[in-house]
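1. Structure for the following, please:
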Amino acid sequence: MDGRAMLRTWGEVVESAGELWETLPGGADPMVAAPTNAEDALMGRLQSMNSTLLRNSRGREWPGEGPADERLLTISGNLIRAAELVQRYRSDVTLTRAPVQADLEAAKARLMHTLYIGAHGVHVALGQDLRALQDGRLAGRATFPLTPVRAARDRLASFEAIAGSYVSRTYPAALRDEHRSTPEPNRVSNALATWEIQTHRTLATSISGANLMAITQTHAWVLMAAQRLLHAAAEAGAIDKDQFKGRLSPALEAAQASWGNVATTWGNLTPLSAQRIDPNLVGATHETRAALLELVHDRTGPASVTTIATRADLVDIAQTLQQTISASVDLAHGLLAATGDTTLSIGARAALTMSTELDSHRPQNSADPIEAAVDANDVVGNRQISLPDPIRGALKQQGQRVVDTSTSAARAAAILDRAGEAPQTSQERMNGRSHERRAPSRALVPNQRGCER
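-> Next up, the predicted model:
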């Protein structure tokens with residue numbers, strides 16, 4: 001985590017949260033009018049603290065000008081979008097209705113929880129930066145002054161404590177009566193189809209470390225959600241439970257792990273400043289995650305098997321996921337091919353770190369160390385450099401593992417062809433009697449002799 005980048009962006013998150021709080025039904029701008037209740041007063045205090053922090057940081061050597069934190073920018077953008085939606089529909093809201101009031105309290109709890117977690121993340125990042133600066137001084141290196149870093153860290157700790165006082169009283173209890181819309185029957189299938197099409201378009205037109213990171217992260221997450229949904233289908237009898245546990249589940253677990261390993265590698269190799277993901281891929285990814293979360297997540301944790309069964313037709317979901325698991329083989333080959341793209345670049349510092357790791361596993365009598373291929377000047381400025389051949393080779397090995405595990409998972413997913421049918425007995429699996437059951441009876445087949453003219 002980069003504390004400087006996070007601090008530069010944190011103010012936007014708090015301002016966006018304040019705007020959303022103001023647009024919620026019954027809310028007022030605590031920075032303009034006198035707060036009418038303790039909740040508005042607390043939000044007003046947080047916004048005042050944020051304004052002071054921004055004012056004291058502006059124009060200083062530290063944190064100075066530089067890139068923003070993309071994750072916090074995404075959170076800020078989501079809060080702004082939520083405020084726009086609330087503003088558009090709030091005229092239809094009647095606060096006297098108990099369900100509306102309960103949903104409002106849940107929204108406030110989630111919003112304050114976002115600020116609490118965000119402040120904690122920035123606080124931790126600033127603490128790491130402070131320790132790094134102190135170590136630099138001890139080593140005699142030129143560093144930034146410690147005072148502004150320490151002050152910002154302490155102010156974030158205070159912000160976190162105040163937001164936490166609200167969270168401790170409301171979260172997760174306030175989510176108990178949160179409104180949930182009934183999931184649309186075709187949302188998951190449409191989202192997955194759109195995402196798969198977009199990944200192929202991105203791989204065909206815009207290969208980059210950031211896009212490969214996003215694709216592999218998302219597909220690993222899709223396989224995790226598929227594991228949960230198919231577990232629910234197996235428990236509910238929609239698919240063969242023994243076949244799922246003995247064959248499909250282990251194959252999915254191995255595939256998810258291999259996709260996750262590649263995602264971690266690309267995440268490490270791509271600095272935050274270079275993590276500019278194809279906007280169309282971002283949109284498809286968000287819809288895919290939202291569609292699946294609607295089924296597998298329940299307020300603050302995983303949904304139970306019973307809950308999942310009430311939200312989705314598990315037979316349809318199983319058949320949809322079979323298509324996704326099968327399509328992942330083609331996507332895995334696309335990923336492997338993309339690894340060979342000569343335009344790929346990575347951060348120099350990450351390249352040095354991975355090169356050192358690769359060197360540690362080579363025989364001691366090997367030729368020149370891999371890390372020697374990374375220029376020291378590039379490392380100092382953390383410039384983007386062409387993907388070194390040894391690192392490309394390691395990525396290709398990981399990519400081949402993705403192909404192998406995805407192929408195994410697709411084969412194991414063949415059991416989903418029979419979703420909704422009664423489970424086969426062991427004897428039927430050996431002699432193929434289940435196919436005989438689906439064949440027309442002899443009484444229905446005309447008695448034909450010779451060639452049919």
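2. Just give the number of residues close to Trp259.
-> 29 (other CB atoms under 10 Å). Just so you know, the C-beta spots here come from the backbone N, C-alpha and C atoms, and that holds for glycine as well.
3. Touching stretch 194-212 from outside, list them.
-> 215, 218-219, 222, 262, 266, 269-270, 274-278, 280-281, 284-285, 287-288, 324, 327, 331, 334-335, 337-339, 341, 343-346 (CB atoms under 8 Å, 6 or more residues apart in numbering).
4. Would you mark the buried spots in that stretch?
-> 194-196, 198-199, 202-203, 207-212 (16 or more other CB atoms under 10 Å).
5. Then stretch 170-188?
-> 170-171, 174-175, 178, 187-188.
6. Stretch 277-292 too?
-> 277-278, 281-282, 284-285, 287-289, 291-292.
7. Need the CA coordinates for that stretch. CSV is fine.
-> The C-alpha coordinates for stretch 277-292 follow below in CSV (Å, rounded to 0.1, in the frame of the first residue of the first chain):
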residue,chain,number,x,y,z
ILE,A,277,-7.9,-1.4,-16.8
ASP,A,278,-10.0,-1.4,-19.9
PRO,A,279,-13.3,0.5,-18.9
ASN,A,280,-15.5,-2.0,-20.8
LEU,A,281,-13.8,-4.9,-18.9
VAL,A,282,-14.3,-3.0,-15.6
GLY,A,283,-18.1,-2.6,-16.3
ALA,A,284,-18.5,-6.3,-17.3
THR,A,285,-16.5,-7.4,-14.2
HIS,A,286,-18.6,-5.3,-11.8
GLU,A,287,-21.9,-6.7,-13.2
THR,A,288,-20.6,-10.2,-13.0
ARG,A,289,-19.5,-9.8,-9.4
ALA,A,290,-22.8,-8.1,-8.5
ALA,A,291,-24.9,-10.8,-10.1
LEU,A,292,-23.1,-13.6,-8.4
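8. Could you report the neighbour count for the closest residue to Pro185 other than its chain neighbours?
-> Once flanking residues are discounted, Pro185 sits nearest to Asp313: 6.9 Å by CB to CB, 6 or more residues apart in numbering. Per other CB under 10 Å, the neighbour tally for Asp313 reads 14.
9. got it, and Asp404?
-> Residues near Asp404, counting by other CB under 10 Å: 15.
10. tell me which element it is part of?
-> helix 389-412 (DSSP states H and E).
11. Not counting that helix itself, show me its contacts.
-> 216, 223, 247-248, 251-252, 254-255, 257-259, 261-262, 265, 269, 325-326, 328-329, 331-333, 335-336, 339-340, 344, 346, 351, 354-355, 358, 370, 373, 387.
12. all strands in the stretch 301-450 of the chain, in order from the N-terminus.
-> Taking DSSP state E, counting those that start in this stretch as the criterion, the stretch 301-450 of the chain carries its strands at 301-302, 345-347, 384-386.
13. which one of those is the most hemmed in?
-> Per residue and on average, the most neighbours among the strands of the stretch 301-450 of the chain fall to strand 345-347, with a mean of 21 (mean count of other CB atoms under 10 Å).
14. In its sheet, which strands sit next to it, and in what direction?
-> In the sheet, strand 345-347 lines up against strand 384-386 (antiparallel) (DSSP bridges).
15. What backbone torsions are found at Ala68?
-> Dihedral angles of Ala68 (phi, psi; degrees, to the nearest 10) stand at phi -90, psi 170.
16. Can you get me a residue count around the residue lying closest to it once chain neighbours are set aside?
-> Take Ala68 and drop its neighbours on the chain: the residue closest to it by CB to CB, 6+ apart is Thr9, 4.4 Å away. When neighbours are defined as other CB under 10 Å, Thr9 has 22 of them.
17. Could you report the pLDDT at Thr9?
-> Note for Thr9: predicted pLDDT of 95.
18. Quick check: next helix or strand after the helix or strand harbouring Ala157?
-> Counting by DSSP H and E, the element that carries Ala157 is helix 146-170. For helix 146-170, the succeeding helix or strand toward the C-terminus, using DSSP H and E, is helix 187-205.
19. Just the CA trace of that following helix, in CSV.
-> Only the C-alpha atoms of helix 187-205 are listed here, as CSV (Å, rounded to 0.1, in the frame of the first residue of the first chain):
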residue,chain,number,x,y,z
ARG,A,187,-29.0,-11.9,-14.6
VAL,A,188,-26.2,-14.4,-13.8
SER,A,189,-26.2,-16.0,-17.3
ASN,A,190,-26.3,-12.6,-19.1
ALA,A,191,-23.6,-11.2,-16.9
LEU,A,192,-21.3,-14.2,-17.4
ALA,A,193,-21.9,-14.2,-21.2
THR,A,194,-21.1,-10.5,-21.4
TRP,A,195,-18.0,-10.9,-19.3
GLU,A,196,-16.7,-13.8,-21.4
ILE,A,197,-17.2,-11.9,-24.6
GLN,A,198,-15.5,-8.8,-23.2
THR,A,199,-12.5,-10.7,-22.0
HIS,A,200,-11.8,-12.0,-25.5
ARG,A,201,-12.2,-8.5,-26.9
THR,A,202,-9.7,-7.2,-24.4
LEU,A,203,-7.2,-9.9,-25.0
ALA,A,204,-7.5,-9.3,-28.7
THR,A,205,-7.1,-5.5,-28.6
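20. could you give me the average pLDDT of that helix?
-> On average, helix 187-205 scores 96.
21. ok, back up a step: now render the strands of the stretch 301-450 of the chain as CSV, adding mean pLDDT.
-> CSV is the format used below for the strands of the stretch 301-450 of the chain (pLDDT from 0 to 100):
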stretch, mean pLDDT
strand 301-302, 90
strand 345-347, 88
strand 384-386, 87
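22. Dump those to JSON lines, plus distance to Glu19.
-> Output for the strands of the stretch 301-450 of the chain, formatted as JSON lines (distance: least, CB to CB, whole Å):
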{"stretch": "strand 301-302", "distance to Glu19": "29"}
{"stretch": "strand 345-347", "distance to Glu19": "34"}
{"stretch": "strand 384-386", "distance to Glu19": "35"}
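23. Any idea which of these gets closest to Leu229?
-> Closest approach to Leu229 among the strands of the stretch 301-450 of the chain (CB to CB): strand 301-302, 11.1 Å.
24. Which strands border the closest one, and is each parallel or antiparallel?
-> strand 297-298 (antiparallel).
25. for the chain, longest helix please?
-> Using DSSP state H to assign secondary structure, the helix with the most residues in the chain is helix 98-138.
26. for that one, the distance to its chain's centre please.
-> 18 Å (CA atoms, centre = their mean, to the nearest Å).
27. can you check stretch 308-315 too?
-> 23 Å.
28. Could you list the residues in contact with that stretch?
-> With CB under 8 Å, 6+ apart, stretch 308-315 has contacts from 182-183, 185, 188, 228-229, 232-233, 236, 238-239, 294-296, 303, 419-420.
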